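# Sequence below, structure please.
(2 chains)
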Amino acid sequence: MPKSIIVIDDEEVVCKMTKMILEKEGYEVETYTDSTQALARIKEKRFDLVITDLKMEEVDGMEILRTVNKLYPDTELIMITAYATLDTALEALRERVFDFFPKPIKIEELKESVKKALGT
Amino acid sequence: MANIPFSRKFSIRQKINIALTIEAAIILGISIFIFFTFRVLLSKIHFIEVFDDINISFLEMRKAEKNFFLYHDISALSEAYTKGEKANYTLEHNREGLINVLGRNTYLSIMASLDRYLSALQKIKKDPANPVYETHVRDLGHELTQMCVHLIRREHHKINRIIQRSALMLILSFLGIFISQLLMWNYFSSFLSRKLSKMESLTSMIARGQFREVAEKRTEPEDEVGMVINAITRMAQELEKREEQVLQAKKLASLGVLISGVAHELGNPLNNISMIAEGYLSYYDSLSDEERKNFMQEVQVQGERIKKIVRNLLDFARQKKPEFKVSSPTEVVEKSISLVENQLKVSKIRLHRSYEEDIPPIYVDENQIQQVLINLFTNAIHAMSTGGDLFVDVYSSSDRGKVYIKIKDTGTGINPDLLPHIFDPFFTTKGTKGTGLGLSVSYGIIREHNGKISVETEVNKGTTFTIELPAWKGEKEETHA
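The predicted structure follows:
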């Protein structure tokens, strides 16, 4: 049974690329550019890993982290952001974030981090 | 009015001085008039005193004459003669004054009558028994007393008339002074209030921040108020300079905002390109031709995004002077509408135009104004994604000095908290779909046209943007460098 991953980023390119990369690694990947839809999907299905952008319209990345923490305490979290500041990093760590990627995402690092997070 | 050239030449102090001098001259004139009237009155009274003496002499003379004819007393005759002599002496003694008052002819005829009377007395003295002289003397005596009484009466009458006339004259002059005071007071108060209201309008223009308009009102000072007005216009000039400096400082401050905005805006597509490039390189061997094409197309899309941001940025930072020409407001509006008509149709938005007839022309860079209008239309369309009504009104102020273009939508409106920021660069409510430069560029363009842009909004009711532009007042000149 492949591990399931949800990727949320309002940049379509980021979604497409991560989906391609992670599917090649043998994971089952769903992507959303609309954070509201993503949140609804998370509420109905448990994923093994959530990769989310921090700054998004409508539902903020931080809110997604909080929801996942509440619903699925054993789901892993990876955060990506174009505007990395110390404050956002600290806040993310408080929400039990496994890893924190500034944009642009390096493919090798992402693969590495996902592997570690899912223990595969 | 006759005092317009007057008011052009003199200062307020000079005007007051002139008014006071004129009044002093009037009062002096009245005093001189009173002085001469009194002199005339005094001479008349003196004349009456003299004539009273003469009259008394005549009456005594005639009493003695009567005694002589009644009692044939010769001594009475000489008494009559003495009294006549005395009257003659008084007449001779006051000759100049009497000629002045009576006129030479009257004076001479009195003298002649008296002379005839006295010579008649002399004849009676020589021949007292002759009755021929009696009637003659009586007639002459009667004539003298009658003449005397008549003259006294006449002078009394004249005195009365002079007193009456001068009383009337005095009343009229005081009335004149009073009225001239009132007129003067009225003139100065209306003059001052006119000047003060001009000052008031200038200061309230300054309060509204219309420094340039005030600075342009500078004229050659005609008076003290003109000097104050000039001081105000100079102040406005200085304020305008200072405002420009403040604006410059604000621009510098917004440059910081601009740079961080550019960094954020350009960050996303650049990150995307970088990620695509890395993926392309990493997976090159395993990618099909179709997939490789997709990668490159994606790079192209991101490149377009960057181009769009840079183009908007250039519009924003544009140093180029706008190319002004005389244009019809409705034509500019129609041209802009034609560019968004399709979008309106797609978004199911009904367009309602309302153009005032015979609208005055405006002096604008048409492209820039179109840019502003298209930006406002686009915003309205985005605010009415589920359809709605768009109202476009073009009208002018009652003095035809200003042209207004009003764009009203029935969209989502703007949150009052966000309202103060909508003209800031990079402020957007549209996420990655907007650059946040549209309204800020529009604001700059309208300001450069000496116009104003204002906004009224109500959440879920809609937003109204109103552009105010100065109407073209010049000759029918078509273009301008």
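# Tell me how far the residue nearest the centre of chain B lies from B:I309.
In chain B, the centroid-proximal residue (CA atoms, centre = their mean) is B:R194; its distance is 4.4 Å. Distance, B:R194 to B:I309, by CB to CB, to the nearest Å: 56 Å. The way it works is simple: take the backbone N, C-alpha and C, and place the C-beta from them, glycine included.
# With B:V364 instead?
In terms of CB to CB, B:V364 sits 27 Å off from B:I309.
# of the two, who's got more company?
Taking other CB atoms under 10 Å in any protein chain shown, B:V364 and B:I309 do not tie; B:V364 has more neighbours (27 against 18).
# what's the more buried one sitting at in phi/psi?
Backbone torsions for B:V364, taken as degrees, to the nearest 10, come to phi -140, psi 170.
# my read: it touches B:V333, true?
No: using CB atoms under 8 Å, B:V364 makes no contact with B:V333, being 11.6 Å away.
# burial count for B:L314?
11.
# So which residues of chain A form helices?
A:12-24, A:35-44, A:61-71, A:86-94, A:107-118 (DSSP state H).
# for the longest one, packing partners?
Using 3 or more CB pairs under 8 Å, 6 or more residues apart in numbering or on different chains; DSSP states H and E as the contact test, the elements touching helix A:12-24 are strand A:4-8, strand A:28-32, helix A:107-118, helix B:224-282, helix B:289-317.
# Which strands and helices lie in contact with the second one?
Strand A:28-32 sits against strand A:4-8, helix A:12-24, helix A:35-44, with contacts defined as 3+ CB pairs under 8 Å, 6+ apart.
# Just name the most buried of those.
strand A:4-8 (a mean of 23; mean count of other CB atoms under 10 Å in any protein chain shown).
# For A:F98, list the residues it contacts.
Under the criterion of CB atoms under 8 Å, 6 or more residues apart in numbering or on different chains, the neighbours of A:F98 are A:76-78, A:113, A:116-117.
# is the residue nearest the centre of chain A in a bridge, and if so with what?
By CA atoms, centre = their mean, chain A has its centre lying nearest to A:I51, at 0.7 Å. Beta bridges link A:I51 to A:V7, A:I78 when assigned by DSSP bridges.
# these two touch, right, it and A:S4?
No: A:I51 lies out of contact with A:S4 (CB under 8 Å); the separation is 11.7 Å.
# hmm, back to that, tilt between the one helix or strand the residue nearest to the centre of chain B maps to and helix B:224-282?
Counting by DSSP states H and E, the element that carries B:R194 is helix B:132-207. If you take axes from the mean of the first three to the mean of the last three CA atoms, to 10 degrees, helix B:132-207 sits at 10 degrees to helix B:224-282.
# Check which helices and strands helix B:132-207 sits against.
helix B:12-71, helix B:104-126, helix B:211-216, helix B:224-282.
# Can you give me the neighbour number for B:T457?
20.
# who are the neighbours in contact with it?
B:413-414, B:416, B:419, B:463-464.
# What pLDDT is listed against B:S254?
pLDDT for B:S254: 56.
# name the element the most far-flung residue of chain B relative to its centre belongs to?
No residue in chain B sits farther from the centre than B:A129, which is 98.0 Å out by CA atoms, centre = their mean. Element membership for B:A129 (DSSP H and E) is empty, with no helix or strand holding it.
# Run a quick neighbour tally on residue 27.
Here I'm looking at chain A. 19.
# ah, no, chain B please
Neighbour tally, B:I27, other CB under 10 Å: 13.
# which residues does the closest residue to it other than its chain neighbours contact?
Spatial nearest neighbour of B:I27, chain neighbours left out: B:I177 (7.0 Å); criterion: CB to CB, 6 or more residues apart in numbering or on different chains. Residues in contact with B:I177 (CB under 8 Å, 6+ apart) are B:23, B:26-27.
# Distance check, the closest residue to A:G26 other than its chain neighbours against chain B.
Leaving aside its sequence neighbours, A:G26 sits nearest to A:P2 (CB to CB, 6+ apart; 5.8 Å). Using CB to the nearest CB, to the nearest Å, A:P2 is found at 19 Å from chain B.
# now A:P2: how far from B:V50?
For A:P2, the distance to B:V50 equals 153 Å [CB to CB].
# what does A:E44 give?
Taking CB to CB, one finds A:E44 at 140 Å from B:V50.
# just B:V326 next, same as before
94 Å.
# In chain B, where is pLDDT below threshold?
B:1-9, B:247-258, B:260-261, B:315-322, B:425-427, B:429-437, B:475-481 (pLDDT under 70).
# does any bit of the helix-or-strand element of chain A with minimal mean pLDDT sit next to chain B?
The helix or strand of chain A with the poorest confidence is helix A:86-94; it has a mean of 80 (mean pLDDT, DSSP states H and E). No: if you take CB under 8 Å from any CB of the partner chain as the test, helix A:86-94 misses chain B, and the best it gets is 14.0 Å.
# tell me the angle that helix makes with helix A:61-71.
Put simply, helix A:86-94 runs at 10 degrees to helix A:61-71, going by the same axes, to 10 degrees.
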